[in-house]
Structure formats: C-alpha cells, structure tokens
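> based on what follows, work out the 3D shape:
(chains A and B)
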2 protein chains.
Amino acid sequence: MAPHTIQYCNQCGNKVVRKIPPGETLVRAVCVSCRTVHYQNPKVVAGCIPEWNDQILLCRRAIEPRKGLWTFPAGFMEMGESVEEAAARETLEEAQANVHIHSLYGMYSLRHVSQVYVVFRGTLHQPEFSPGEESLEVQLMTIQQIPWESLAFPIIREALTHYVEDRQRGIFEVHVGTVSPIKNVL
Amino acid sequence: MAPHTIQYCNQCGNKVVRKIPPGETLVRAVCVSCRTVHYQNPKVVAGCIPEWNDQILLCRRAIEPRKGLWTFPAGFMEMGESVEEAAARETLEEAQANVHIHSLYGMYSLRHVSQVYVVFRGTLHQPEFSPGEESLEVQLMTIQQIPWESLAFPIIREALTHYVEDRQRGIFEVHVGTVSPIKNVL
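Predicted coordinates for the structure are as follows:
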C-alpha cells in the first residue's frame, strides 16, 4: 500500500510544504512552522518459507489485498526487531507455527510500492500449525503441490520459482533482485 | 537517529492518541479525528564496499554523527529505489565514484535504532573518486590500511571484520546478523 501524502506536521500540527531542504537533493515535506523535515522511506517486509522435510508451509490470505490467494508468511517489520525476528513473528501470527530461521533466501526490491522483501528459509519446530487471524487456511505442501495459479503476489511467485529451482538442483543461493508489477497486482 | 514521536495526524492535523487498533496487537498513533493509523517501521540503510583490485574505498565523514571518522558509503534508501540502486547512489554522493554493484555482502539488523543495513560489494568503474558533500576525504586502501580505531559505527567495524576474514580465506559469504550498540555509539 502506498503511503499517504503528508499534509500536516506530525510534531506541531501545522501545514507542510514540499521543498528541497538545504544540503539535500530531493523534495521533502517540510513544516512551515517548526521546520521539521519529514522523510518517507521504503518498508521492509520480512517473510519465511517454513520447511518440514520435503514440504513447505503456505497460507491462504483471509484479508485484502488478494484475499483467498496463497502466500508464505510475510509482513511489515516492526520497530526494534531484527529481520529474522520479524520473519519468525509473522510465521507465528499467520500460521500459528514456530519456526527456526536458518538462512537468508532472497532480497527482492519492489520499487513500485517502495518495499523490500527479505525472505528466509526456516525449519518448523514441529508439524503443528493452524490459521492465524489473517489466514483462511494453512497447509504443508510439496513443491509439486504449489498452487501457481493462485499465488497472491508476483514476489511470492518469484521467490517460490527460485526455491523450486534450487531445491531441484540441491543448491540454495541467496537471490537478489527487483520484482515489477504484473497487471496491477502488487 | 530515532524517529520523532508522532503527536499530530499528518493527514488532518488533529491530535493522535496511542491505542491498539482493532485486529492489531501493537500500540499505534491513531488520529482522534479522521482515525488514520500511523505506522512507524524500520529504515533500510544501503551501503557498498567499493573495490578496486586489492583495495577498498573508504570515506571520512564530514557530518555528524561521528564526524571525522571512517565508513564505507552508506545511507538511507529512498522511495522508488531498489536496494542496489540506493547503494550505488550513496557511493556516487559520498565518494563521487561510479560503482558496479555485483553482490550482496551482508544484512545487519540494528534493533536499537530500528535500522537494517544492507551492504553490497561493488567494483569501481575507474579508480576515480573525490569527497562528496558529506565526506572530508575519500581514500583507496588495502585491508591492512583500514583505520580500525577510527571507524564511525560498530556496524562498519562488523562488516569490515567479516570482509577482511573472507578476503583472507578467499571465500565471500553473505553475512546476516544483529549489531548492538557499544558505549553509546550507534
């Protein structure tokens, strides 16, 4: 979701104007009253591909956007977390599953929405899981069972495509790249 | 730098209160008037270790914090960029150097300041560089010349320590970890 355009200063409540602050090169929202410069920056989405033997755990989304479609657990990183902690927390929230994050799998920039997806591989502590509030359904599946036609976002397809390729040749790499929108889907 | 505490709604200018929005688990700043929920999330700092043969390019900071101390080029990712683009831009801004970003080197979470450092290795197009506005001095140096006692931040020390170890054994890995503050230094 694109961030709202800043209209008012969150420090003093007065109007902001758009200008390039001294010593900078980009236009920012600057308060006309207290002169606070308001920066907007990309957000990190931390995700996990939870593994159990030869299966992975996917969730069917209970919320918009892309309600009813499949994803691995992922969500916005919160203040004070490490990226690994955020990925484990999202797995717990969305799939009620405890996971040991064991390796970085991919970092994908989504320039069109100013997000950076950081995806880890993790091992389930036990094959125990159930839908969290944001999931309709959670399921362990082999890579042959991945619902390619019902994945929620291009980034999910991209990461799972890499994952399947790596699994098939038995070598996991860290993938870095940019994912673009397809047909107005994030 | 820690973000300011949100006092006013940046959409309508009215006061915010702290509360847990429906369906969420964390306290957020919520507008008393238009009900906008204001999220604060960690920021990505994109950095590059620019390489030229057996040397790397370091910059001496011209600005606070840690003015006068050494770092590799790094700075906050901007909206609409990929992480690699941000790292190359920071190298251009701080060291006036053009770099080809060729591999992810490390991802370090700084929980105490809610930042994620993403560090790449890059190759200089030519051995041409000069101090940008935020640098006092820019210098190519061998790993033996790294000024360990004058590095700006623990994250810089951590990444360069990994880098020197990897260079010495001839194998570069992707490093993932958490860096904690030392003696009130970020």
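> what is the burial count for residue A:40?
Using other C-beta atoms under 10 Å in any protein chain shown, residue A:40 is surrounded by 14 other residues. For every residue, glycine as well, the C-beta is placed using N, CA and C.
> pLDDT score for it?
According to the predicted model, the pLDDT of residue A:40 comes to 95.
> pretty sure it is in a helix, no?
No: the assignment for residue A:40, made by DSSP: H, G, I helix; E, B strand; the rest coil, is coil rather than a helix.
> distance check, it against residue B:118.
Separation of residue A:40 from residue B:118 (C-beta to C-beta, to the nearest Å): 18 Å.
> and what of residue A:121?
For residue A:121, the distance to residue B:118 - C-beta to C-beta - is 18 Å.
> neighbour-wise, which of these two wins?
Taking other C-beta under 10 Å, residue A:121 and residue B:118 do not tie; residue B:118 has more neighbours (27 against 21).
> avg pLDDT for the helix or strand containing that one?
With the criterion set as DSSP states H and E, the secondary-structure element containing residue B:118 is strand B:115-124. If you average the pLDDT over strand B:115-124, you get 98.
> could you figure out how far that strand is turned away from strand A:115-124?
Interaxial angle, strand B:115-124 versus strand A:115-124 (axes from the mean of the first three to the mean of the last three C-alpha atoms, to 10 degrees): 110 degrees.
> and the next element down the chain from strand B:115-124?
Counting by DSSP H and E, the element after strand B:115-124 in chain order, helix or strand, is strand B:135-142.
> pairing partners for that next one, with directions?
In the sheet containing strand B:135-142, the strands it pairs with under DSSP bridges are strand B:55-61 (antiparallel).
> pick out the residue nearest the middle of chain A.
Among the residues of chain A, the smallest C-alpha distance to the mean C-alpha position (C-alpha atoms, centre = their mean) belongs to residue A:45, namely 2.9 Å.
> tell me the pLDDT at it?
Reading off the model, residue A:45 has pLDDT 98.
> does it touch residue A:76 like I think?
Yes: A contact is recorded between residue A:45 and residue A:76 when judged using C-beta atoms under 8 Å, the distance being 6.0 Å.
> specify the angle between the longest strand along chain A and strand B:115-124 in degrees.
When chain A is scanned for its longest strand (criterion: DSSP state E), the result is strand A:99-110. Orientation check (the same axes, to 10 degrees): strand A:99-110 against strand B:115-124 gives 60 degrees.
> list the strands paired with strand A:99-110, with their directions.
Using DSSP bridges, strand A:99-110 pairs in its sheet with strand A:115-124 (antiparallel), strand A:175-178 (parallel).
> nothing else from me, thank you.
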